[in-house]
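Trainee: the sequence isn't on hand, but the structure is:
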């Protein structure tokens, strides 16, 4: 059984709200706390820091970008949990196709939010190694979405997902030429 088939199989199972919440909270702990701690640790290993401005205004702007990123990620988790009876964890995926905000901006708003969060943290700690980890994470995430998640979504949601996919940008909001009328 391949990864896509495994996810599709688990998507049919019903999980309690408590199980979904606990699983999401544990994953959130890793993403929101553990990875930034890793970035701080990596920063401490480097002899030289990235020559990025230490100006308070610059750091505030980068901090706002990181805060917007994590807020977007949390918004998508809330939407998955409350509007689609699922989680961002592949073993407990959504039961419904989400096409409303934040998913009307791009198909992968949680990925976008997480990438912005990690990039902001990397810049704040001025760590080249953290930047490399962020780029590697982003590359791996895009590969996983393109090779596994999109196939799984097509199997589970069929033509509705294909229409949504054709009408909504992959990751960067407002970059798609087609109109959203195609998915309503």
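Mentor: Received the coordinates, thanks. No experiment lies behind these values; they were computed from the predicted model shown.
Trainee: from now on I want contacts and neighbour counts done on CA atoms only, so please keep to that.
Mentor: Noted.
Trainee: which ones are touching residue 170?
Mentor: Contacts for residue 170 were tallied using Cα atoms under 8 Å, 6 or more residues apart in numbering; they are 106-108.
Trainee: at 6 Å what do you get?
Mentor: Going by Cα atoms under 6 Å, 6 or more residues apart in numbering, residue 170 touches 106-107.
Trainee: I'd like the mean pLDDT over the lengthiest helix in the chain, please.
Mentor: Across the chain, the helix with the greatest residue count (assigned by DSSP state H) is helix 56-83. Predicted confidence along helix 56-83 averages 89 (mean pLDDT).
Trainee: quick check, pLDDT for the residue nearest to the spatial centre of the chain.
Mentor: When Cα atoms, centre = their mean is applied to the chain, the residue found nearest the centroid is residue 111 (2.1 Å). Residue 111 carries a pLDDT value of 93.
Trainee: ok, back up a step: in the longest helix of the chain, what's buried?
Mentor: Of the residues in helix 56-83, those scored as buried under the neighbour-count criterion (16 or more other Cα atoms under 10 Å) are 59, 62-63, 65-81, 83.
Trainee: how near is the residue nearest to the centre of the chain to residue 42?
Mentor: Distance, residue 111 to residue 42, using Cα to Cα, to the nearest Å: 22 Å.
Trainee: how about residue 136?
Mentor: With distances defined as Cα to Cα, the gap from residue 136 to residue 42 amounts to 15 Å.
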